[in-house]
Every structure is written in C-alpha cells, then in structure tokens.
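*Asks:* next input, structure requested:
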Amino acid sequence: MAKDTPPRWDRKMQQRLARGEAAALGELYDRFASLVHNLAHRVLDDTEAADQITREVFGYVWENPDAYDPKQGSMRSWVARLTHRQAVHRLRQHEAAAQAANGGGSAQELEELEEKVRRASVAARADYIVTSMPASLRAALDLAYTKRRDYRQTASDLDITADEARRRLRLGLQLLSTAHTRPLVGGSSPPGPPRGYGRTR
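*Replies:* Numbering: from 1, shown residues only. Predicted coordinates:
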C-alpha cells in the first residue's frame, strides 16, 4: 500500500469532495478502502462489521470533507483515525450489549472489555504502521518475520548489504514498537463515532 499521499493531493481531494465530485469519492475509495477495511477488521474481527464501518467512514468523508484539516496530517491518517474511532466505538457497543444481555457487566468484565479494546487498538496501529512504511522497510520485515529469514538472507533476497538489511530491520522494529505506546495516528480520539456521522449535506 502507498505511504501517506502528498499534502497537495490531500488538499485537492478535499476541494473535489467539497464540490460534490462523485469521481473524487471513487478515487479516494480506490486508494484507501483496503486500509479502512483492514483496520476495522483488525479491531472487530468481523468481516460484515468491517464492511459496514467502511461504508460509514466513506459516507462520513463524503458528507463532511471540511472536517479534514491538512495541518493535522495527511488525509490517509485522518481516514485511519475515523476508522479506528468508529471501530472501537462499535466494539464497545457490541460488548456492552452482550454484557447487558447477561445481566450487566461486573468490574472485572469492564476491565476485560477495556483490555480487549486496548489489544485491538495496538494491533490496528501495528497494521497501520506496517502499511505506511516505505516498501523497502516493509519488504525487509516481511522476509525476516513472515518468511523467517535472518538478516544475511534478507540482504541476499533484497540484493542489499548486510548492514543495510540490519538498518532496515532495526528501523522497522523501532517504528512497530510505537504501536504499544502511541495512539493510532495523530493523537488520541475520544470513544464514539466522529461528530457528524449520519449528517447530510
């Protein structure tokens, strides 16, 4: 997947969406739909729910293009934040409904819910980090951790020096380590859907 798009593209896309260009929405969907669906699925572990989140996120973007602030980061990051926030909200709703059906949640059950949300958020952020990495770092991590290559084999497979392979793996791991300590992207988001969900123009 491509890394964050240039700010000029982001601003132009926002302007096209604000003018109501259906073609712009189609282009945005083609670029970011797999990101949105994968992040939602990572949090919810449910394909149907991820499909629904995907529809909701693109519906929100279509109806509220002015909610995007280029000063706060790329459109890709904004879309990822919207997705994460909505998916976590859906997860909390689902778990709360399940607890209510069983007579309410104890303090332990509420703790378990928050831990589940935390784990899902970390996993979603890790996925986002990997898909946002330059292809060179992503390829090195894939060889090392998916295909179990050591750094020398990784260097050989990528036709780079062993030192460069070590550098790429170290940098990739440093980026991934932030998944445990930082929010998904661009600061923390309160639980619940973004303001304006379901609003029409």
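*Asks:* elements contacting the helix or strand where D10 lies?
*Replies:* D10 belongs to helix 7-18 when assigned by DSSP states H and E. Counting by 3 or more C-beta pairs under 8 Å, 6 or more residues apart in numbering; DSSP states H and E, the packing neighbours recorded for helix 7-18 are helix 22-44, helix 75-101. Heads up, the C-betas are built off the backbone N, CA and C, glycines and all.
*Asks:* pull the residues that contact that helix.
*Replies:* Applying C-beta atoms under 8 Å, 6 or more residues apart in numbering, the contact partners of helix 7-18 are 23-25, 27-28, 61-62, 65-66, 68, 70, 74-75.
*Asks:* can you flag the buried ones in the residues you listed?
*Replies:* A24, L25, L28, V61, W62, P65, Y68, S74, M75 (16 or more other C-beta atoms under 10 Å).
*Asks:* got JSON lines for those, with distance to A101 too?
*Replies:* Listed next are those as JSON lines, based on distance: C-beta to C-beta, whole Å:
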{"residue": "A24", "distance to A101": "42"}
{"residue": "L25", "distance to A101": "38"}
{"residue": "L28", "distance to A101": "38"}
{"residue": "V61", "distance to A101": "33"}
{"residue": "W62", "distance to A101": "34"}
{"residue": "P65", "distance to A101": "39"}
{"residue": "Y68", "distance to A101": "38"}
{"residue": "S74", "distance to A101": "41"}
{"residue": "M75", "distance to A101": "39"}
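*Asks:* confidence-wise, which of those residues comes last?
*Replies:* Within the buried ones among the contacts of helix 7-18, pLDDT reaches its minimum at S74, with 88.
*Asks:* quick one, phi/psi of that one?
*Replies:* In terms of degrees, to the nearest 10, the main-chain angles of S74 are phi -70, psi 160.
*Asks:* just tell me which of the helices and strands packed on helix 7-18 ends up closest to R55.
*Replies:* Closest to R55 of these is helix 22-44 (C-beta to C-beta; 9.5 Å).
*Asks:* which positions in that closest one come out as buried?
*Replies:* By neighbour count on 16+ other C-beta under 10 Å, the buried set for helix 22-44 is 24-25, 28-29, 31-32, 35-44.
*Asks:* from the contact counts, what lies against the lowest-mean-pLDDT helix or strand in the chain?
*Replies:* Least confident helix or strand, the chain: helix 107-132 with a mean of 82, by mean pLDDT, DSSP states H and E. Applying 3+ C-beta pairs under 8 Å, 6+ apart, one finds that helix 107-132 makes contact with helix 22-44, helix 75-101, helix 135-141, helix 162-177.
*Asks:* tell me where the model's unsure across this protein.
*Replies:* Low-confidence segments of the chain, defined by pLDDT under 70: 1-6, 103-105, 181-201.
*Asks:* what residues sit buried inside the host helix or strand of Q52?
*Replies:* In this assignment (DSSP H and E), Q52 forms part of helix 47-63. Using 16+ other C-beta under 10 Å as the test for burial, helix 47-63 gives A49, A50, I53, T54, E56, V57, F58, Y60, V61, W62, E63.
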